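> okay, sequence plus prediction incoming.
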Amino acid sequence: MFYVSMLYVYMFPLVLFLSCSFNIIILPTTMAEFTEEEIGKLVSSFKELGVKPKADSASDLKDWMEQFTKSAVVSSGHKEAVHLTHKPRISPFSGEGGKGEASFDLWRYEVECLQEEKSYSEDIIKQAIRNSLRGTAVRIAMRLGSKASVEELMRKLKSVYGPVEVTETLMANFYGARQKESEDVSTWACRIEDLLMKVYEHTPLGAKEINRMLRNVFYTGLRQEMKDITGHKYDAIDDYDKLLIAVRQVEKDHNRDKEIPDKTKQATGTSKMAATSPETNQIQQMYAVVNQLSTDFKSFKADAEKGAKDLKKRQQDWEKRNKRQGYRHSNNDRSDWSQDYRQDQGKEQGFRQDRGKDQGNRGPVCWRCGQYGHIRRDCRVIMDHSRRDLNL
């Protein structure tokens, strides 16, 4: 009876705990209400918990009950706050967009996560913030002084690097966004979520409103090609995240279907080339011969035209020289044209001397070419620069 009385006096809190945990109805109010059945249930409960109470004396039982109750409360989910002592690492930020540095919104997100976790004291978070700042940003923190709190640091940096657009402008950017040609569905979704997050910083929105806005802008901003094949998904799905998953699946299937015809065409072209390779080689050889002949003919034609033009020009130059009167040359002029002209003059003098001898028998003599039977006006003899007959 001693143990029963001690259990009644000191273990009433434990009885309540066991009643809630194991659905055992043990609510005694007086000593007389403890029955053998209730005592047996209490002992069975101790066995299920795997504990054995120390009941040598009333004080021992009381101490054991206090220890057991504290451990039971902790195990039921009531944890005490634990502050870590090691310094967390935050991505570097300078405000200048250097390589390996985070943007201000990402950097601020890391700091806010540390504050929400409550695993670090404010002094440790403040030290981590100062160690992450670089360049101009660290000088801004320095001007606030060493006693500035985390909230003061965040407020000052937000005033310098935070967004400054008004709500109307941010809303216009959000609703006016459109998917780019180089963007896939996932990239497009991330971009509009970033735009809406900027709106949320100025105007807090509910979860339903955010879901509605993202769902509408996500679909209306899709490229027309994707919008045409995902309209039924938009009509059937109200949740933005589920709609995003469905559209991504459609995009994947659509891209796979476009790749199949390209591979088929490539395989067909390869088989045709393999089947007609001998004929193709002969045709290619014939084309090569024809191209070579065409090139040679063009070259020959160009040379002939050039020679004809040069010859015609020389004839015109000689005709002009024959018409000149009183043509004189300096003693220092030793050009080829002057030498040719003097040679031609000597030939013409010889023609004049011989002209009278044979004129009666052969007819008139051409002063241009020196031949008989025609005059200079009717001369058709082709001559070079030395007045030699090219018809011979």
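Arrived safely.
> show the end-to-end separation of stretch 176-185, please.
Its start and end residues considered, stretch 176-185 measures 17 Å (Cα to Cα, to the nearest Å).
> quick one: buried residues of it?
Neighbour counts using 16 or more other Cβ atoms under 10 Å place 177, 179, 185 of stretch 176-185 among the buried residues. For glycine as for every other residue, the C-beta is placed from the backbone atoms N, C-alpha and C.
> in helices, which of those residues appear?
In this view, the buried residues of stretch 176-185 that belong to helices under DSSP state H are residue 185.
> could you single out the nearest of the buried residues of stretch 176-185 to residue 60?
residue 185 (68.9 Å; Cβ to Cβ).
> ok, for residue 222, nearest residue in space, not its chain neighbours?
Using Cβ to Cβ, 6 or more residues apart in numbering and skipping the chain neighbours, the partner closest in space to residue 222 is residue 179 (5.3 Å).
> thinking again about what came up before, now tabulate the buried residues of stretch 176-185 in TSV and tack on distance to residue 295 and pLDDT.
TSV is the format used below for those (distance: Cβ to Cβ, whole Å; pLDDT from 0 to 100):
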residue	distance to residue 295	pLDDT
177	58	93
179	52	93
185	54	93
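> does the residue nearest to residue 222 really touch residue 223, like I thought?
Yes - in this structure, residue 179 is within contact of residue 223 by Cβ atoms under 8 Å, at 5.0 Å.
> who's in contact with residue 298?
Neighbour list for residue 298: empty [criterion: Cβ atoms under 8 Å, 6 or more residues apart in numbering].
> which strand or helix spans it?
Using DSSP states H and E, residue 298 sits in helix 277-323.
> burial count for residue 206?
8 (other Cβ atoms under 10 Å).
> for the nearest residue to residue 220 once chain neighbours are set aside, report the pLDDT, please.
Among residues not flanking residue 220 along the chain, residue 227 sits closest, at 7.9 Å (Cβ to Cβ, 6+ apart). If you check residue 227, the pLDDT there is 90.
> going forward, count from 595.
Right, with 595 as the first residue, what we last looked at is residue 821.
> name the residues that touch the helix or strand residue 821 falls within?
Residue 821 is located in helix 818-830, with elements delineated by DSSP H and E. For helix 818-830, the surrounding residues in contact (Cβ under 8 Å, 6+ apart) are 773, 779, 809, 813-814, 816, 837, 840-841, 844-845, 848.
> tell me the buried residues in the helix or strand where residue 766 lies?
Here residue 766, judged by DSSP H and E, is contained in helix 761-769. By neighbour count with 16+ other Cβ under 10 Å, helix 761-769 contains the buried residues 764-765, 768.
> then stretch 630-648?
Buried residues in stretch 630-648, counted by 16+ other Cβ under 10 Å: 632, 635-636, 639, 647.
> restricting to C-alpha, output that stretch in CSV.
Provided in CSV are the C-alpha atoms of stretch 630-648 (Å, rounded to 0.1, in the frame of the first residue of the first chain):
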residue,chain,number,x,y,z
GLU,A,630,-6.2,-3.6,-8.7
GLU,A,631,-7.1,-3.3,-12.4
GLU,A,632,-6.0,0.4,-12.5
ILE,A,633,-2.8,-0.5,-10.7
GLY,A,634,-2.2,-3.3,-13.3
LYS,A,635,-2.8,-0.9,-16.2
LEU,A,636,-0.3,1.6,-14.6
VAL,A,637,2.4,-1.1,-14.3
SER,A,638,1.7,-2.2,-17.9
SER,A,639,2.1,1.3,-19.1
PHE,A,640,5.5,1.5,-17.4
LYS,A,641,6.5,-1.7,-19.1
GLU,A,642,5.5,-0.3,-22.5
LEU,A,643,7.5,2.8,-21.9
GLY,A,644,10.5,0.7,-20.9
VAL,A,645,11.0,2.5,-17.6
LYS,A,646,11.2,1.4,-14.0
PRO,A,647,10.4,4.1,-11.4
LYS,A,648,12.6,4.5,-8.4
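> what separates residue 714 from residue 723, distance-wise?
Distance, residue 714 to residue 723, using Cβ to Cβ, to the nearest Å: 11 Å.
> the two: who's more crowded?
Taking other Cβ under 10 Å, residue 714 and residue 723 do not tie; residue 723 has more neighbours (24 against 19).
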